[in-house]
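Participant: this is the structure alone, sequence omitted:
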């Protein structure tokens, strides 16, 4: 019998500044050497639960606790945050913000420094750890200069160097491109099997975490534990739907095809699930596919012709890029970090000037237009709403663009109200921005762009950090906007689900060039493109192959069409 | 975008010195330059600081903006000295050679001019060394040097982290100001200065909030990894005091003693060419 390393008993917690408890009557035991996934929608208490384990609650965020929590048989309050840090290593979600060292080596050494380890010993242990996290070559680099996946490995190294017994990952997939996320999961899995550490992963992207084996899944809902079960039992139940968590796509697809999934079928992974006897229903469902309506011919709106660009140190970021976007389209731009996606949006908005090539809008060259002039027609919504919000009150924030253009109060108010209604923010019009949730703030930034009635909106990672419910709400809102006002929408994203579900076309970037420009179903079933651009093959593709359907592309397309019809009718 | 005042290692001999050496050098150099008004000594110090700057191979462009700013303040300072104390030089050097009679009883004397020249020269001896110190010292090593000189490591580390965040803040500033410009907030020279200041304030709020987020994350990250646990800590980046550091520190001490002797040899801090 294994020993429990984390024990919650009738544990409740309420933050000092909040009325309602964030955790209610938690009873949970986690055993030594287990690998446990904690899932749940935003605000369900999963981060609070993690913070109770690493000591940020109550040492950084104070509040009222009831019941008991024991970590390795000890009371965290007595261990203190420093005592806990010897037991629990946390890899925070914001990989950029958590670096303290100037170089990778120094950052890994940070906790050793605080422990007064001598320099020579420190160098030896950093060397060892850098090897474990596969960063030996980067020891002298600045962590900021690394890619997203490497950054995460630096943070991981920083906690591994201490030989902690519990590893806690807070949304490890949040800032990674799909291929890197897959790799991160494999690395965590390797570290878990090579050490005796207990691994806790807090994440809402279930399918991506299940890429590697997980012993147990805890589902949280409104501060309580809704389920505590094995992956196979969870996936064969209807708990996920109730908890607002996206189930793996192949499961959704099997359900569409009318298949029953039971825990014995090992549904936790597309490679392990037993499909014997189900092929027939899958094929039957696939045979019902309807021919695709021919795409309507649309006018060209935005055109990038032969664009090249490099920053000051002459590194070429973009090489001869040609992209055209038609009126009313929803287009996704994908590719790994540093492939030039964000640079592209800066060039379109005029923040940077291309070294070669031109940008056309409605057939007119806009190379000479200033940022403000372009902003009348092209709106950019940045990833982090805090970078955009500059007024304390919601109304003023949305009105800002019109105020600077010298609009009269009456017309301005009418336009702002109209826009707030479209964005579902009308009831909040007198609220301070700071009182809104993250998703609402994101909407405010869209409203503040929309109020200028641009023809194109560019969104940088529109759904990053949002759970399934907020994701769906937000994307449905964009879809409505696109359909009703005809606004063209360009999205830069890492999210393969978004690509499949909400875009008509995917532009794939790699190494500063466009490597594919096609419908999402083709892009996500093409191994060559997937590899070049660090994407991830959709599990639907594997499902098609395993069910003996040769045209996997058309299978995926059928899924998308079926799924969309379902959403519009229901 | 050019980075203002941020450390980058180009492998020059100045970069290779230990942080402690550079900190000591900077402190002693400033002290001597503050004490002495000996023009010959100041000229020598000014020229040698230029030589050190040259050796460091720091790109002049990275300091041009800051230098301009300092020059503006220096000019204001010099004018203010003249306005408030126009006869300071006369008192010091004991002579009154009027070069021109100005307004309201103010006259420009050779002594005052020479005095203000000395003040300006003091600035110029310190500026290159101060800039070099910031540009060539690895912030973590700087923190460990402060700590070695007896300052609490918590304070030392805060100083280092502040230095580290200068480039991050600059990056945030660019992002935020671009976001504002895209909504029609004009910050170019096309609008009046008042409007520009008002518009710049729009950038400050998001900048403030994103910095607060940053501080929250970093302080959690540091605490989770045991920062502040003990009264003492070791430093991964602590520079070893090598032979050349010892040589430089030794010659620095000799120079300091010598310059104090030269300065006070004639009984006054001032070198007087008017006698």
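Facilitator: On my side now, so go ahead. Nothing here was measured: the structure is a model prediction, and the numbers come from that model. Numbers count the residues shown, from 1 in each chain, chains lettered A, B, ... in the order given.
Participant: the lengthiest helix in chain B and chain A in contact?
Facilitator: Secondary structure assigned by DSSP state H gives helix B:193-224 as the longest helix of chain B. Yes - legend: contact between helix B:193-224 and chain A by C-beta under 8 Å from any C-beta of the partner chain is shown at B:202-203, B:205-206, B:209-210, B:213-214, B:217-224. The C-beta positions use only the backbone N, C-alpha and C, and glycine is treated the same way.
Participant: which of those residues are buried?
Facilitator: B:202-203, B:205-206, B:209-210, B:214, B:217-218, B:220-224 (16 or more other C-beta atoms under 10 Å in any protein chain shown).
Participant: between those residues, which sits nearest residue A:51?
Facilitator: Nearest to residue A:51 among these: residue B:220, at 9.1 Å, using C-beta to C-beta.
Participant: from what I can see that closest one touches residue A:56, true?
Facilitator: Yes - the criterion here is C-beta atoms under 8 Å, and residue B:220 meets it with residue A:56 at 5.9 Å.
Participant: can you map out the strands along the stretch 51-200 of chain B?
Facilitator: B:98-101, B:107-109 (DSSP state E, counting those that start in this stretch).
Participant: next, format those as JSON lines and append distance to chain A, mean neighbour count and mean pLDDT.
Facilitator: As requested, these are exported to JSON lines (distance: least, C-beta to the nearest C-beta, whole Å; neighbours: other C-beta atoms under 10 Å in any protein chain shown; pLDDT from 0 to 100):
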{"stretch": "strand B:98-101", "distance to chain A": "48", "mean neighbour count": "10", "mean pLDDT": "88"}
{"stretch": "strand B:107-109", "distance to chain A": "46", "mean neighbour count": "17", "mean pLDDT": "90"}
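Participant: from the residues of helix B:193-224 next to chain A, which two are the most distant?
Facilitator: Among these, B:202 and B:224 lie farthest apart (C-beta to C-beta), at 34.7 Å.
Participant: outline the domain layout of chain A.
Facilitator: Each domain of chain A is listed here as a residue range: A:4-246, A:248-288+A:540-570, A:300-539, per automatic domain parsing.
Participant: any chance of JSON lines for these, columns mean neighbour count?
Facilitator: Shown next, in JSON lines, are the domains of chain A (neighbours: other C-beta atoms under 10 Å in any protein chain shown):
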{"stretch": "domain A:4-246", "mean neighbour count": "20"}
{"stretch": "domain A:248-288+A:540-570", "mean neighbour count": "17"}
{"stretch": "domain A:300-539", "mean neighbour count": "19"}
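Participant: closest to residue B:248 out of those?
Facilitator: domain A:4-246 (22.4 Å).
Participant: end-to-end on stretch A:399-408?
Facilitator: Separation of the first and last residues of stretch A:399-408 by C-alpha to C-alpha, to the nearest Å is 11 Å.
Participant: confirm that residue A:386 sits in a helix.
Facilitator: Yes - counting by DSSP: H, G, I helix; E, B strand; the rest coil, residue A:386 falls inside a helix.
Participant: name the element the closest residue to chain B within the stretch 151-300 of chain A belongs to?
Facilitator: With C-beta to the nearest C-beta as the measure, residue A:158 is the residue of the stretch 151-300 of chain A nearest to chain B, at 6.4 Å. For residue A:158, the enclosing helix or strand under DSSP states H and E is helix A:148-160.
Participant: which regions of the stretch 51-200 of chain A sit below the pLDDT cut-off?
Facilitator: A:95 (pLDDT under 70).
Participant: one more pass at 90, please.
Facilitator: The stretch 51-200 of chain A contains residues with pLDDT under 90 at A:57-61, A:77, A:80-82, A:92-103, A:140-151, A:162-163, A:171, A:173-178, A:195-196.
Participant: quick check: residues of it near chain B?
Facilitator: Checking the stretch 51-200 of chain A against chain B by C-beta under 8 Å from any C-beta, the hits are A:54-56, A:59-60, A:81-82, A:85-86, A:90, A:92, A:94, A:97-103, A:105-106, A:109-119, A:122-123, A:126, A:144, A:158-159, A:162.
Participant: among those, which are located in helices?
Facilitator: A:54, A:56, A:59, A:81-82, A:85, A:105-106, A:109-114, A:119, A:122-123, A:126, A:158-159.
Participant: looks to me like residue A:188 is in a strand.
Facilitator: No - judged by three-state DSSP, residue A:188 forms no part of a strand; its state is helix.
Participant: for the residue lying closest to it once chain neighbours are set aside, give me phi and psi.
Facilitator: Distance criterion C-beta to C-beta, 6 or more residues apart in numbering or on different chains; nearest residue to residue A:188, sequence neighbours excluded, is residue A:199 at 6.4 Å. With angles defined as degrees, to the nearest 10, residue A:199 sits at phi -120, psi 130.
Participant: helices of chain B, start to end?
Facilitator: Under DSSP H, chain B gives helices at B:13-16, B:19-35, B:39-56, B:61-84, B:88-93, B:110-136, B:139-148, B:153-181, B:193-224, B:243-264.
Participant: looking at these, which is buried most?
Facilitator: Mean neighbour count (mean count of other C-beta atoms under 10 Å in any protein chain shown) peaks for helix B:139-148 among the helices of chain B, with a mean of 24.
Participant: average pLDDT for stretch A:379-386, rounded please.
Facilitator: In this model, stretch A:379-386 has a mean pLDDT of 87.
Participant: is chain B within reach of it?
Facilitator: Yes - Stretch A:379-386 is in contact with chain B by C-beta under 8 Å from any C-beta, via A:379, A:380, A:382, A:384, A:386.
Participant: let me see the contact set for the residue nearest to residue A:188.
Facilitator: A:34, A:35, A:36, A:166, A:167, A:169, A:188, A:191, A:192 (C-beta atoms under 8 Å, 6 or more residues apart in numbering or on different chains).
Participant: dump the residues you listed to CSV, plus secondary structure.
Facilitator: Formatted as CSV, the contacts of residue A:199 follow (three-state DSSP):
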residue, secondary structure
A:34, coil
A:35, strand
A:36, strand
A:166, strand
A:167, strand
A:169, strand
A:188, helix
A:191, helix
A:192, helix
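Participant: now for those residues, which pair is the farthest apart?
Facilitator: Counting by C-beta to C-beta, the most remote pair of the contacts of residue A:199 is A:36 and A:191, 14.9 Å apart.
Participant: in the stretch 251-400 of chain A, which spans are helices?
Facilitator: A:279-287, A:341-349, A:371-375, A:394-404 (DSSP state H, counting those that start in this stretch).
Participant: name the helices or strands packed onto the third one?
Facilitator: Just to be clear, that refers to helix A:371-375. In terms of contacts (3 or more C-beta pairs under 8 Å, 6 or more residues apart in numbering or on different chains; DSSP states H and E), helix A:371-375 is packed against helix A:341-349, helix B:153-181.
Participant: which one of those has the lowest average pLDDT?
Facilitator: For these, where the average pLDDT is lowest is helix B:153-181, sitting at a mean of 83.
Participant: distance of residue A:447 relative to residue A:390?
Facilitator: Applying C-beta to C-beta, to the nearest Å, the value for residue A:447 to residue A:390 is 14 Å.
Participant: actually residue A:7, sorry about that
Facilitator: 47 Å.
Participant: hang on, the earlier thing: what is in contact with residue A:447 and residue A:390 at once?
Facilitator: By C-beta under 8 Å, 6+ apart, no residue touches both residue A:447 and residue A:390.
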